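Predicted model and sequence below, questions to follow.
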Amino acid sequence: MILAPVPTRSGGGVAFSDASDGDVRGDEGRRTDLARRLGISDRWATLTQVHGSNAVEVDRPGDQGEADAMFTSVTGLPLAIFTADCAGVVVQAPGAVGVAHAGWRGAANRVVEALVTGMRGAGFEPASAAIGPALGPCCLEVGPEVSARFDGFTARTSWDSESIDLERAITSQLVGLNVWAAKRCTLHEPGWFSHRRDGTLARMATIAWL
């Protein structure tokens, strides 16, 4: 587990689970254990993730429907999205916190920008953000139809095929914010679930709370 050092005047915290924490999406016991270690409730607000750009405001735990970003101003309500190569992104503002599920599809659909816009529209001005472990440019191989959607953010894999730099693409949607990034690749580095590497259905969590 990584506890992100992202300062906020609102208190709370940001955590990115790893494979050693288990499948916290599918295993309730593992979720309860992780929540206990973080000192938060195990009743999380979650989403039915669809790789889109919808961002919603939430005020209760449980599934919030089809969306890929959400935010809350409710103290003590953990927000969680689940990943196994996509990036989990946290956006913090005085009085609110948000999370986004941003793989290359979400980044192309500007889901992180939609989260920032949604928070501002609700009266919360984002100040800082954290980007969790995800496929790095070393391993995020894509075809030309994908790279064409990321002008200025293309790269080369470690085997010299076309890729995109997901972290840079996401950071471009966080203009003016203090951004921290884990800089860990879920495919070639040990300790992470990676769907692209082995087809796993297990998922890690990005969790944020006030």
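In hand now; what should we look at?

tell me which element the residue nearest to the spatial centre of the chain falls in.
Closest to where the C-alpha atoms of the chain average out (Cα atoms, centre = their mean) is G88, at 1.1 Å. For G88, the element it lies in under DSSP states H and E is strand 87-93.

pLDDT of that strand, averaged?
Mean per-residue pLDDT for strand 87-93: 97.

Show me how far it is from its chain's centre.
Taking the mean of its C-alpha atoms, strand 87-93 sits 6 Å from the chain's own mean (Cα atoms, centre = their mean, to the nearest Å).

Repeat that for stretch 201-210.
Centroid displacement of stretch 201-210 relative to its chain, using Cα atoms, centre = their mean, is 8 Å.

before we move on, back to that, counting contacts, what elements does the strand holding G88 pack onto?
The contact analysis (3 or more Cβ pairs under 8 Å, 6 or more residues apart in numbering; DSSP states H and E) places strand 87-93 against strand 13-16, strand 96-102, helix 111-121, strand 128-131, helix 166-171, strand 204-209. Yep, even glycine has a C-beta here, placed from its N, CA and C like the rest.

Of those, which is nearest W44?
Smallest distance to W44 across the helices and strands packed on strand 87-93 (Cβ to Cβ): 7.0 Å, for strand 204-209.

Could you list the alpha-carbon positions for stretch 13-30 in CSV?
The C-alpha coordinates for stretch 13-30 follow below in CSV (Å, rounded to 0.1, in the frame of the first residue of the first chain):
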residue,chain,number,x,y,z
GLY,A,13,-6.0,10.8,3.3
VAL,A,14,-5.1,9.1,0.0
ALA,A,15,-4.1,5.5,-0.3
PHE,A,16,-3.3,3.2,-3.2
SER,A,17,-3.5,-0.5,-2.4
ASP,A,18,-1.2,-3.1,-3.9
ALA,A,19,-1.3,-6.8,-4.6
SER,A,20,-0.3,-7.7,-1.1
ASP,A,21,-3.5,-6.1,0.1
GLY,A,22,-5.5,-8.6,-1.9
ASP,A,23,-8.4,-8.1,-4.2
VAL,A,24,-10.2,-5.4,-2.3
ARG,A,25,-12.9,-5.1,-5.0
GLY,A,26,-14.0,-8.7,-4.8
ASP,A,27,-13.0,-9.8,-1.3
GLU,A,28,-15.0,-8.2,1.5
GLY,A,29,-12.7,-9.5,4.1
ARG,A,30,-9.6,-7.9,2.4
